[in-house]
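Participant: Have a look at this fold, sequence not included:
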């Protein structure tokens, strides 16, 4: 508790941003690999989750990215975040169009447990 007073509040914002961008990027690449494996419905579901992870939070404890303030530690990344969001949105729109006209796979509400990302534990080399 005593050390918390000395911490710069932007440190927590930056950590939260980093964690959520990593999650969104992981979901994005999961979606790309599912699409390549011809699992179109699952790929679209994973991309929905990735785009949700890249949204700006509606509250400080909500899911998604913290707000990028005009003057703040994340401001230099604002354009890249916007570009990534636009790319994911365009890709999702394209996939939905392809699925609706060619593949006709059902899109689940979320990625099933057997296909979702799993944490890996790194072990020290002996």
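Facilitator: Done, it's in. Please read all numbers here as calculations on a predicted model, not as lab measurements. Numbers count the residues shown, from 1 in each chain.
Participant: if I read this right, residue 92 contacts residue 47, doesn't it?
Facilitator: Yes. The criterion here is CB atoms under 8 Å, and residue 92 meets it with residue 47 at 4.7 Å. Just so you know, the C-beta spots here come from the backbone N, C-alpha and C atoms, and that holds for glycine as well.
Participant: Give me the nearest residue to the residue nearest the centre of the chain, chain neighbours excluded.
Facilitator: Centroid-nearest residue in the chain: residue 24, 1.5 Å away (criterion: CA atoms, centre = their mean). Excluding its sequence neighbours, the residue lying closest to residue 24 (CB to CB, 6 or more residues apart in numbering) is residue 53, at 3.8 Å.
Participant: Now for the one you found: which residues touch it?
Facilitator: Neighbouring residues of residue 53 by CB atoms under 8 Å, 6 or more residues apart in numbering: 20, 23, 24, 27, 63, 64, 65.
Participant: what about 6 Å?
Facilitator: 20, 23, 24 (CB atoms under 6 Å, 6 or more residues apart in numbering).
Participant: Could you measure from the second one over to residue 6?
Facilitator: Same thing as residue 23. Using CB to CB, to the nearest Å, residue 23 is found at 29 Å from residue 6.
Participant: Same question for the last one.
Facilitator: Separation of residue 24 from residue 6 (CB to CB): 31 Å.
Participant: name the helices or strands packed onto the longest helix along the chain?
Facilitator: Ranked by residue count and defined by DSSP state H, the top helix of the chain is helix 9-36. For helix 9-36, the elements it packs on are helix 40-53, judged by 3 or more CB pairs under 6 Å, 6 or more residues apart in numbering; DSSP states H and E.
Participant: Alright, calling it a day.
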